[in-house]
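Participant: 3D, please:
(one chain, ligands or ions: 1)
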Amino acid sequence: MVLVAAGQFCAKAVFSKNLEAVSGIITDAAKAGARMIFLPEASDFIAKADEVASLTKPLAQNEFVQGVRAKAKEIGVWVSVGVHETSSDPKRGFNSHLLIDSSGDIVSNYHKIHLFDVDIPGGTRLMESGTTVPGDKLHDPVETPAGKLGLLTCYDIRFPEAAQVLRTRGAGMLAYPSAFMVRTGAAHWEILLRSRAIETQTYVIGAAAVGQHTQTRVSWGHAMIVDPWGTVLAQCNDVSHEPTFCLANVDLDSIRTIRVQMPVDKQRRTDIYPTL
Ligand SMILES: O=C(O)CNC(=O)[C@H](CS)NC(=O)CCC(=O)C(=O)O
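Facilitator: Numbering: from 1, shown residues only. Here you go, the predicted model:
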């Protein structure tokens, strides 16, 4: 059994404030026994669309990233965290999901492949591709203290193929650092996390941004940890938008048991539909 934490807080446009918030989450979750701490998408900052390009930095010059790496090393925990990162396009950066080990080293850096370009009349309009370059690959799952972890991000959760590919490559746990809209979050967030967990028979960790980031930007929160049976083991509430986290145990034996009892991965009809 390995205790892990899913964090929730409200990032704003100031890196140092966001670093303070996640440092508190990392310290307190580690004190509670967590060995891996998952933080939301865009934890370094969430700002108005026209401010994103000027705030986005190379990882080496991002004081938020350097601060989280130092904290992970100081406390001796692994951290998954979403941040912005410059690309070769001066106007648009990557939406990066970093996995940092307990030495403070970045052991994987996944660039979100599905961008949130959505226009719901009377609801959400957000064009992520205006500020972001899509990634072009999925990375192999990484061996961590809580087993093999596959990295995805937020809107990627609507594309079950990506989860399935990581499961096929050995993932026992999938992390989706997120900043879901309130409207889509209320309707879909928990169902999507639980669906991916049930289909892939993996733990699914949804660290989540919460609350009012800018005048027009609000996130749903409800950070949660789901087990391979689809049970919500832990979740943060949306009553307070203060930095917080929820905790649950990852049990590698339970993954094995469920996969033996219901061997969906061996029962795919790839004679009828394509292998991913
Ligand atoms: O770029 C940033 O600052 C942070 N990125 C995000 O918040 C991204 C892109 S706008 N949000 C989502 O993907 C929400 C998905 C969602 O809400 C859904 O799938 O329903």
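Participant: tell me which element the closest residue to Q201 other than its chain neighbours falls in.
Facilitator: Spatial nearest neighbour of Q201, chain neighbours left out: P228 (4.5 Å); criterion: C-beta to C-beta, 6 or more residues apart in numbering. In this view, the C-beta of every residue, glycine as well, is placed from N, C-alpha and C. P228 belongs to no helix or strand when assigned by DSSP states H and E.
Participant: Report the separation between P228 and A29.
Facilitator: 22 Å (C-beta to C-beta, to the nearest Å).
Participant: Likewise for V260?
Facilitator: 32 Å.
Participant: So what's the residue count around the residue nearest to Q201?
Facilitator: Using other C-beta atoms under 10 Å, P228 is surrounded by 24 other residues.
Participant: now E128
Facilitator: With other C-beta under 10 Å as criterion, E128 counts 19.
Participant: That one against I113, yeah?
Facilitator: No. Counting by C-beta atoms under 8 Å, E128 stays clear of I113, with 11.6 Å between them.
Participant: can you pull out the helices in the chain?
Facilitator: Using DSSP state H, the helices of the chain run over 15-31, 49-55, 63-75, 160-168, 182-184, 190-200, 252-261.
Participant: I'd like to know which of those is closest to the ligand.
Facilitator: helix 182-184 (2.9 Å; C-beta to the nearest ligand atom).
Participant: the more surrounded of V260 and A29?
Facilitator: With neighbours defined as other C-beta under 10 Å, V260 and A29 compare such that A29 has more, 27 against 8.
Participant: What sits closest to that one if chain neighbours are left out?
Facilitator: A5 is the one closest to A29 (C-beta to C-beta, 6+ apart), at 3.7 Å.
Participant: interface residues of the chain facing the ligand?
Facilitator: Residues of the chain lying close to the ligand by C-beta under 6 Å from any ligand atom are 41-42, 46, 95, 116, 126, 128, 154-155, 158, 179-181, 184, 188.
Participant: OK, contacts around P40?
Facilitator: Counting by C-beta atoms under 8 Å, 6 or more residues apart in numbering, P40 touches 7-9, 11, 81-82, 177-179, 207-209, 219, 223.
Participant: what about 10 Å?
Facilitator: By C-beta atoms under 10 Å, 6 or more residues apart in numbering, the residues touching P40 are 6-11, 18, 22, 25, 46, 80-82, 153-154, 176-180, 206-210, 219, 221, 223.
Participant: unless I'm mixing things up, L252 is touching T144, no?
Facilitator: No. Using C-beta atoms under 10 Å as the test, L252 is too far from T144 to be in contact (11.1 Å).
Participant: where do the contact lists of these two overlap?
Facilitator: In contact with both L252 and T144: 2, 172-173, using C-beta under 10 Å, 6+ apart.
Participant: can you list the weak-confidence ranges in the stretch 51-200 of the chain?
Facilitator: For the stretch 51-200 of the chain, the stretches with pLDDT under 70 are 123.
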